[in-house]
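A.B. asks: Here is my input; please provide its structure:
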Amino acid sequence: MLGILAAIKRALHLTPPPRGLLPSEPGEQTGTPAPVAPGRPTLASAAPSGVADPGDLESSPSTPTAAIAAGGTATGQHHEAQAEAASSPPVDGQTATRGMALPTAMTSPRLPLAVGDPAPDFALPSDQGVPVQLADLRGQRVLVYFYPMDDTPGCTTQACGFRDAYVEIQERNAIVLGISPDDAASHQAFKTKYDLPFTLLVDADHVVAEVYGVWSADGGYIKRSQFLVDEAGKLVDVQVPVQATESVRRALEALGA
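C.D. replies: I've put the predicted structure just below:
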C-alpha cells in the first residue's frame, strides 16, 4: 500500500525540491550565502564594536594614526598650536592692545627733561584701543600733554581750549595727544561729551608719566604738563607744570616760534 502512494506522489510531481532550490521573493536570500574571498572582511566584522548606526561612523572625527601615536589628536594639536600662537609675544617691535603689557616706554632719559633732549619714545593704547607710538609720528610736530583725570574742571578747561584752537594747531603742522591714567571707556565718554577732535591715550600704570618725570609718587597723580616734540623727535618746549588756563596759549606760542 505504501509503495502505491509513493508512486502516485512521484507521478503527480508533489515531492518538494531539495532545500535551497525554492524560488524566493524579492529581498529574500536564496540558498547558501556566497563564499567570502580569503582575507576580505565582511560588513559585520568591519564595523567597530559598540557602533549602533552607520551615521555614528560618518560623524566621528577622523584621527590620523600619527597624531594618536604622538599622544594626541589632530584637533587637540590644532588647539595647542593656537594657544601657543596667542601666548607668544609680538616680534619686530609690534604692539597690540591685548596680550602685551602696554604702555611700553622705549627709553629711560635723564630727568628733568629739557629743551633739546630727544623726546622719550613710547607706545600707548588710544581711546579706540589702537596702539599709538610716538616715533611713528615723525615728520609733524606733536604736542604731548599730561593731565590728571577725565571730565574734571581743570582738565575740561584745558581739553576744550585745545579743541577750540585745534584748526590753528593743525595749520602749524602739529597734532595733540592727551595722556592720563583713565581707561579707554572713560576717554571715549570725555571726547564725546566735549566733542574733542584729538586722540587721548591710556597710561594706566603711569609708566610714560614716570619716564617724562610728571608722575607724583607722593600724591599718586599726574602733574599737568606739556611737551612739544618737533618733526625730528626733539623737545622744543617743556612746561612742567602748567596751569589749565595757560596751557593752550603757551602751546600756540611754542608752535609759532
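
A.B. asks: Identify each buried residue in stretch 223-230, please.
C.D. replies: Neighbour-count burial for stretch 223-230 flags 223-230 (criterion: 16 or more other Cβ atoms under 10 Å). (C-beta placed from N, C-alpha, C; glycine too.)

A.B. asks: Sorry, wrong one. I was asking about stretch 151-167.
C.D. replies: Neighbour counts over stretch 151-167 (16+ other Cβ under 10 Å) mark 155-156, 158-159, 161-163, 165-166 as buried.

A.B. asks: and if you look at stretch 239-257?
C.D. replies: In stretch 239-257, counting by 16+ other Cβ under 10 Å, buried: 239-240, 242, 244, 247-248, 251-252, 254-255.

A.B. asks: Can you flag which of the residues you listed belong to strands?
C.D. replies: Among the buried residues of stretch 239-257, the members found in strands (DSSP state E) are Gln239.

A.B. asks: okay if I get the buried residues of stretch 239-257 as a markdown table plus pLDDT and distance to Arg172?
C.D. replies: Below are the buried residues of stretch 239-257 laid out as a markdown table (pLDDT from 0 to 100; distance: Cβ to Cβ, whole Å):
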| residue | pLDDT | distance to Arg172 |
| --- | --- | --- |
| Gln239 | 98 | 17 |
| Val240 | 97 | 22 |
| Val242 | 98 | 19 |
| Ala244 | 98 | 21 |
| Ser247 | 98 | 16 |
| Val248 | 97 | 13 |
| Ala251 | 98 | 10 |
| Leu252 | 97 | 8 |
| Ala254 | 97 | 10 |
| Leu255 | 97 | 4 |
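
A.B. asks: Out of the buried residues of stretch 239-257, the closest to Ala209 would be?
C.D. replies: Of all the buried residues of stretch 239-257, Ala209 sits closest to Val240, with 10.9 Å by Cβ to Cβ.

A.B. asks: For the closest one, which non-adjacent residue is closest in space?
C.D. replies: Among residues not flanking Val240 along the chain, Ser225 sits closest, at 4.1 Å (Cβ to Cβ, 6 or more residues apart in numbering).

A.B. asks: what's the answer for His206, then?
C.D. replies: Among residues not flanking His206 along the chain, Trp215 sits closest, at 4.8 Å (Cβ to Cβ, 6+ apart).

A.B. asks: Bridging across strands, which residues link to that neighbour?
C.D. replies: Per DSSP bridges, the residues bridged to Trp215 are Ile222.

A.B. asks: Tell me, how many residues neighbour it?
C.D. replies: Counted with other Cβ atoms under 10 Å, residues neighbouring Trp215 total 20.

A.B. asks: Likewise for Tyr221?
C.D. replies: 17.

A.B. asks: doesn't Pro148 make contact with it?
C.D. replies: Yes. With contact defined as Cβ atoms under 8 Å, Tyr221 reaches Pro148; the gap is 5.0 Å.

A.B. asks: who's in contact with the nearest residue in space to Glu168 that is not next to it in sequence?
C.D. replies: The shortest distance from Glu168 to any non-neighbouring residue, by Cβ to Cβ, 6+ apart, is to Leu252 (6.8 Å). Applying Cβ atoms under 8 Å, 6 or more residues apart in numbering, we find Leu252 in contact with 165, 168-169.

A.B. asks: Next, work out how far apart Leu252 and Val207 are.
C.D. replies: As judged by Cβ to Cβ, to the nearest Å, Leu252 and Val207 stand 29 Å apart.

A.B. asks: Then Gly161?
C.D. replies: From Gly161 to Val207 the distance is 27 Å (Cβ to Cβ).

A.B. asks: Leaving out sequence neighbours, find the closest residue to Gly161.
C.D. replies: Closest to Gly161 by Cβ to Cβ, 6+ apart is Val248, at 3.7 Å.

A.B. asks: you'd agree the one you found is up against Gln158?
C.D. replies: Yes. Contact criterion Cβ under 8 Å: Val248 and Gln158 qualify, at 7.4 Å.

A.B. asks: Only C-alpha atoms, please: export stretch 120-133 in PDB.
C.D. replies: Extracted C-alpha coordinates of stretch 120-133, given in PDB (Å, rounded to 0.1, in the frame of the first residue of the first chain):
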ATOM      1  CA  PRO A 120      61.300 109.700  25.100                       C
ATOM      2  CA  ASP A 121      59.600 107.200  22.800                       C
ATOM      3  CA  PHE A 122      56.500 105.300  24.000                       C
ATOM      4  CA  ALA A 123      53.600 103.200  22.800                       C
ATOM      5  CA  LEU A 124      50.200 103.600  24.400                       C
ATOM      6  CA  PRO A 125      46.700 102.400  23.600                       C
ATOM      7  CA  SER A 126      44.400 105.100  22.400                       C
ATOM      8  CA  ASP A 127      40.700 105.800  23.300                       C
ATOM      9  CA  GLN A 128      39.900 103.500  20.400                       C
ATOM     10  CA  GLY A 129      42.100 100.700  21.600                       C
ATOM     11  CA  VAL A 130      44.700 101.200  18.900                       C
ATOM     12  CA  PRO A 131      48.400 101.400  19.900                       C
ATOM     13  CA  VAL A 132      50.000 104.800  19.100                       C
ATOM     14  CA  GLN A 133      53.800 105.100  19.100                       C
END
